[in-house]
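J.: Next one to model:
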Amino acid sequence: MMAKHIVLSVFGICVIIAIAHANGNCQNIEGKIKIMHEWVTLDYDFPSPMKRSLIDRKLLIPENLVLVNMDVIRGRIFTTIVRTFKPGIPASLNTVIKRNGKSFLKPFPNLRLNRAGDCKSIQSASSIKIDPNTNYLWVLDEGQVNNIRFCRRKLVIFCIRTKKEVFRHIFPDSVLSESSVLLDLTLDRDQDLTRYAYVVDSIASKLIVVDVVVNKSWLFSHPSMEGEANAGNITVNGETLFSRGGINSISTTSDFKFVYYFSIASFKTWQIPTSILRNRFADSITFDENVRMIGIRQHHAVSLTSGTRSFFFPALEINDILKWYRKQDILTDGSEEEVNLRTLQRLSPTTALNFADGMHIDNGFLYFVTNKFHKFRLGTLDFSGDDGPNFTIGKIFVGEESYLLGTHPKPYKK
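T.: Numbering: from 1, shown residues only. Predicted structure coming up:
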């Protein structure tokens, strides 16, 4: 999400120092990454006359398209292109298709339901999550296009099969601030029902809970969600961005008992029980008594996702993705209430992942986006093709399933 990276800051990964313990291990796993899609310039699946007309009217400006987030179900990929601050983006929510060896974006549910200024439509999809149990697509919409706030921020759920909306939550003023920027979300299942969405508000440093059963939302605020002034420089391949942004990455464990999160401008990683978040009457004192820092990362990251045993996040400075073997560290430390971030493995140390982002697991594979976002923000992105593809969607086999399938998911097929 573009806002996500306006907020951009320092994350970390390779060697992570466990709190009150010896230095954690950082092992290498030689993995083979398969690139599914790649672009120098993103391209929509529009007929040529329509595309030419949109470009002529500046309703499509290819250089303003940046692939940021994605999710996948049974190999079908959904993506977001945030259009909060840039013009010329016809659709924010898309699927990815391939024709004659070339990859294209196809608006989802359709182009009409991505129409700017129509509050029934998606304005700027900042994050998406797919529930593989229901085939529902959860979409976080910032409600803003090219610096114009047409609509209130909302959470919308679509049935992927029918392309119909099945739920909508309009975020009330009670959970938003003037500075609110909603960047990411994770889902939580309660008694076999995917009931809660945990939404991060990066600039305002808040965590918002949405209960879809009662269609209500509430918030938590804590110093752990804030950025740190000394952790704002992110250097990727010799180019440096600065940000003081707060919480922006979040994910749930496969037993749905804990949520983990971290901020853009911070190296600390935090844990909070879902039992606290689910309780809309819990106060800040209760949150403070239950939140726990589990480790300090040494590289920057802008995404977090979990499988049935592990968590995964990028390591921007070293162009890699790290696996935190959570189950192993729980065995070492005795319980999840005491676990520390220590057992880390590099997934593909020989491959340069130029600003990895937007990671999700499907059928044993970790899917991810690379988008050279540092270059986009610094104005150094090369659309000539001389610098190779600017945007890719790749996958690497990790042997786990999405956390949303629980602790005993169906077997995957490699």
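J.: On the pLDDT front, check the closest residue in space to Leu405 that isn't next to it in sequence for me.
T.: Here the nearest residue to Leu405 in space, its sequence neighbours aside, is Pro132; by CB to CB, 6 or more residues apart in numbering that works out to 5.9 Å. All C-beta spots, glycine's among them, are computed from the backbone N, C-alpha and C. Looking at Pro132, its pLDDT stands at 96.
J.: which residues touch Pro132?
T.: By CB atoms under 8 Å, 6 or more residues apart in numbering, the residues touching Pro132 are 73, 362, 402, 404-405.
J.: Most neighbours among the residues you listed, which one?
T.: Ser402 (25 neighbours; other CB atoms under 10 Å).
J.: what's that one sitting at in phi/psi?
T.: For Ser402, the backbone dihedrals are phi -60, psi 140 (criterion: degrees, to the nearest 10).
J.: With Gln144 instead?
T.: Dihedral angles for Gln144 - degrees, to the nearest 10 - are phi -130, psi 140.
J.: how close does the residue nearest to it when sequence neighbours are not counted sit to Phe312?
T.: Leaving aside its sequence neighbours, Gln144 sits nearest to Thr84 (CB to CB, 6+ apart; 4.7 Å). Separation of Thr84 from Phe312 (CB to CB, to the nearest Å) stands at 26 Å.
J.: which one of those two has more residues nearby?
T.: The neighbour count for Thr84 versus Phe312, taken as other CB under 10 Å, is higher for Phe312 (27 against 23).
J.: What's opposite that one in the beta bridge?
T.: Thr305, Lys323 (DSSP bridges).
J.: Hmm, it is touching Ser306, no?
T.: Yes: using CB atoms under 8 Å, Phe312 makes contact with Ser306 at a distance of 7.4 Å.
J.: Need the overlap of contacts for those two.
T.: Joint contacts of Phe312 and Ser306 (CB under 8 Å, 6+ apart) are Ile361.
J.: Low-confidence regions, the chain specifically.
T.: In the predicted model of the chain, residues 1-31, 408-414 satisfy pLDDT under 70.
J.: And the residue nearest the centre of it?
T.: Gly358 (4.4 Å; CA atoms, centre = their mean).
J.: So it: helix, strand or coil?
T.: strand (DSSP: H, G, I helix; E, B strand; the rest coil).
J.: before we move on, the earlier item: kindly reformat the contacts of Pro132 as TSV containing distance to Pro172.
T.: Listed next are the contacts of Pro132 as TSV, based on distance: CB to CB, whole Å:
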residue	distance to Pro172
Ile73	30
Asp362	33
Ser402	30
Leu404	27
Leu405	32
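J.: any idea which element Ile157 lies in?
T.: Using DSSP states H and E, Ile157 maps to strand 154-159.
J.: strand partners of that strand, parallel vs antiparallel please.
T.: Counting by DSSP bridges, strand 154-159 is paired with strand 136-141 (antiparallel), strand 164-170 (antiparallel).
J.: Can you give the contact residues for the longest one?
T.: The one in question is strand 164-170. Here strand 164-170 has contacts from 109, 136, 152-159, 210, 212, 215, 217, using CB under 8 Å, 6+ apart.
J.: And those, which of them are buried?
T.: 109, 136, 153-158, 210, 212, 217 (16 or more other CB atoms under 10 Å).
J.: Tell me the one of those nearest Gln345?
T.: Using CB to CB, Tyr136 comes nearest to Gln345 of the buried ones among the contacts of strand 164-170, at 31.9 Å.
J.: Not counting residues beside it along the chain, what's closest to that closest one?
T.: Tyr136's closest residue in space is Ile157 (CB to CB, 6+ apart), at 5.2 Å.
J.: try Lys86
T.: Nearest to Lys86 is Asn64, by CB to CB, 6+ apart, at 4.1 Å.
J.: measure that neighbour to Phe391 for me?
T.: With CB to CB as the criterion, Asn64 and Phe391 are 13 Å apart.
J.: what's the answer for Ser103, then?
T.: 9 Å.
J.: who's more crowded, those two?
T.: Using other CB under 10 Å as the criterion, Ser103 and Phe391 rank with Phe391 on top: 26 against 19.
J.: My understanding was that the residue nearest to the centre of the chain contacts Met70; is that so?
T.: Yes: with contact defined as CB under 8 Å, Gly358 counts as touching Met70 (4.6 Å).
J.: what about the strands in the stretch 251-400 of the chain?
T.: 258-263, 268-273, 292-296, 305-306, 311-315, 320-324, 344-346, 356-362, 365-370, 391-397 (DSSP state E, counting those that start in this stretch).
J.: Dump the third one to PDB, keeping only the CA atoms.
T.: Extracted in PDB, the C-alpha atoms of strand 292-296 (Å, rounded to 0.1, in the frame of the first residue of the first chain):
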ATOM      1  CA  ARG A 292       4.700  -8.600  25.500                       C
ATOM      2  CA  MET A 293       7.800  -7.800  23.400                       C
ATOM      3  CA  ILE A 294       9.200 -11.100  22.000                       C
ATOM      4  CA  GLY A 295      12.300  -9.900  20.200                       C
ATOM      5  CA  ILE A 296      14.300  -7.200  18.400                       C
END
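J.: circling back to that earlier point, return the distance of the strand holding Ile157 from the chain's centre.
T.: 16 Å (CA atoms, centre = their mean, to the nearest Å).
J.: same check, this time on stretch 397-406
T.: Averaged over its C-alpha atoms, stretch 397-406 has a centre that lies 16 Å from its chain's centre (CA atoms, centre = their mean).
J.: again, but for stretch 242-250
T.: 12 Å.
J.: Could you do stretch 400-407 as well?
T.: That offset, for stretch 400-407, works out to 17 Å (CA atoms, centre = their mean).
J.: which outside residues touch that stretch?
T.: 131-133, 187, 189, 194, 251-256, 305-310, 360-364, 409-410, 412.
J.: you'd agree Lys51 is in a helix?
T.: Yes: the assignment for Lys51 is a helix, going by three-state DSSP.
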